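Asker: only the shape, not the letters, is given here:
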């Protein structure tokens with residue numbers, strides 16, 4: 001045995017073995033990458049290679065708590081848990097469709113909350129595993145690790161009068177369920193993300209993402225985000241590349257001027273249809289929020305024209321809403337990043353910035369409220385101004401939802417803290433009118449569900 005172990009080996013043999021090992025390593029890496037991107041070129045060999053490559057990461061996960069769905073920031077709300085109500089909440093004009101990750105159940109849930117009395121009228125628990133069964137897993141950048149019930153976030157769910165929901169996560173199919181949570185339709189072909197905004201005709205406007213990019217010369221990793229117009233039946237009526245729209249409107253310099261390139265150049269996070277005609281827009285145009293350009297644009301679909309755009313004073317914004325026929329309001333994250341690592345930071349607090357088209361003027365009427373409550377989510381976040389002067393704000397990174405009365409008093413506050421003391425992520429909640437909420441509840445009551 002010793003003679004075998006310590007025998008002399010020719011140098012050329014070692015070199016050949018090294019070359020073979022190097023080639024095998026390259027081949028193994030290629031198989032792993034192909035499987036990680038969701039491709040099936042190597043079949044079970046690819047799955048086995050990926051599992052082998054993931055052993056170190058799997059071991060780390062087993063040795064520490066899984067904090068994938070834990071909120072990023074919780075300093076401002078230390079110790080607070082669940083709902084806190086003030087008497088001012090009793091006049092709240094409707095419901096809140098609260099989308100949140102339940103840290104105790106280890107899954108995302110959707111609750112219809114009656115703010116007026118603090119009760120939960122109904123809870124939906126969509127099963128992502130069954131809703132996503134049979135989907136196509138093919139992308140150059142998405143790894144699909146979170147396409148399962150334990151990690152899938154239902155982002156900006158839309159409640160329908162029949163008690164059903166329109167659902168998605170960031171970068172996922174768009175799914176319509178019935179009152180029992182069973183799938184009615186599922187739209188693939190684009191990776192939908194961020195907001196789901198209904199038009200007056202019942203159709204939907206949703207940010208999407210297509211692969212490969214329609215931009216000539218763009219690398220496979222380029223995030224070619226789209227404006228997707230979807231029918232109530234889940235059919236894509238129209239889908240347009242935002243990068244192509246910018247190029248067509250003479251704004252290619254915003255994307256591809258020399259300097260440091262990045263894949264996520266635009267980051268479309270809201271497509272807001274205007275409710276009707278006004279002196280500064282006509283029905284059928286869309287407000288677009290382009291976070292990584294700190295730009296809000298008014299886009300006319302009929303002519304493929306950007307008829308107005310403004311960069312700043314909002315910074316890295318989310319959520320643009322139409323206030324009246326000449327005013328919009330924008331949720332400015334006011335977030336800055338000074339390096340390629342880390343998530344960035346908020347300069348002071350977030351802001352809701354109003355822009356008046358008639359006077360070409362900006363204002364920040366809610367700045368004192370945001371300062372007093374230290375609202376500062378680096379990413380995500382949204383707001384809604386409601387009947388009666390109420391203001392709803394989701395501070396996603398802190399797992400906190402706030403409702404202010406017209407006089408600025410904090411009428412209600414929710415912190416998504418589990419029994420383990422940790423705060424868990426929210427999923428872009430929305431206001432539901434009293435009529436819609438009661439219609440949905442009546443439909444749910446008339447259904448007999450299996451679960």
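Answerer: Everything's here; your move. Owing to the predicted nature of the structure, the values given are computational and were not obtained by experimental measurement.

Asker: list the buried ones in stretch 266-277?
Answerer: 266-274 (16 or more other Cβ atoms under 10 Å). For every residue, glycine as well, the C-beta is placed using N, CA and C.

Asker: swap that for stretch 181-197, please
Answerer: For stretch 181-197, by 16+ other Cβ under 10 Å, it's 181, 183, 185-187, 190-197.

Asker: export these as TSV, with columns for distance to residue 406.
Answerer: Shown next, in TSV, are these (distance: Cβ to Cβ, whole Å):
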residue	distance to residue 406
181	36
183	41
185	40
186	41
187	39
190	40
191	39
192	35
193	33
194	29
195	25
196	28
197	25
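
Asker: in strands only, show me these.
Answerer: Using DSSP state E, the subset of those located in strands is 183, 185-187, 190-192, 197.

Asker: state the mean pLDDT of stretch 298-305.
Answerer: Averaging pLDDT along stretch 298-305 yields 98.

Asker: and the most centrally placed residue in the chain, how far is that from residue 312?
Answerer: The centre of the chain sits closest to residue 194, judged by Cα atoms, centre = their mean, with a distance of 3.6 Å. The gap separating residue 194 from residue 312 is 21 Å, by Cβ to Cβ, to the nearest Å.

Asker: same question for residue 176.
Answerer: Distance, residue 176 to residue 312, by Cβ to Cβ: 37 Å.

Asker: same question for residue 214.
Answerer: From residue 214 to residue 312 the distance is 28 Å (Cβ to Cβ).

Asker: same thing with residue 287?
Answerer: Separation of residue 287 from residue 312 (Cβ to Cβ): 16 Å.

Asker: so between the two, which is more surrounded?
Answerer: Taking other Cβ atoms under 10 Å, residue 287 and residue 312 do not tie; residue 287 has more neighbours (21 against 13).

Asker: and the closest residue in space to that one that isn't next to it in sequence, what element?
Answerer: The shortest distance from residue 287 to any non-neighbouring residue, by Cβ to Cβ, 6 or more residues apart in numbering, is to residue 272 (4.2 Å). Assigned by DSSP states H and E, residue 272 belongs to strand 268-273.

Asker: and if you look at residue 22?
Answerer: Assigned by DSSP H and E, residue 22 belongs to helix 11-36.

Asker: so residue 376 makes contact with residue 400?
Answerer: No. Applying Cβ atoms under 8 Å as the test, residue 376 and residue 400 come out as separate, 10.5 Å apart.

Asker: now do the phi/psi pair for residue 298.
Answerer: The phi/psi pair for residue 298 (degrees, to the nearest 10) reads phi -110, psi 120.

Asker: ok, it to residue 206 distance?
Answerer: Relative to residue 206, and taking Cβ to Cβ, residue 298 is found at 18 Å.

Asker: and what of residue 155?
Answerer: 10 Å.

Asker: more neighbours: these two, which one.
Answerer: residue 206 (25 against 22).
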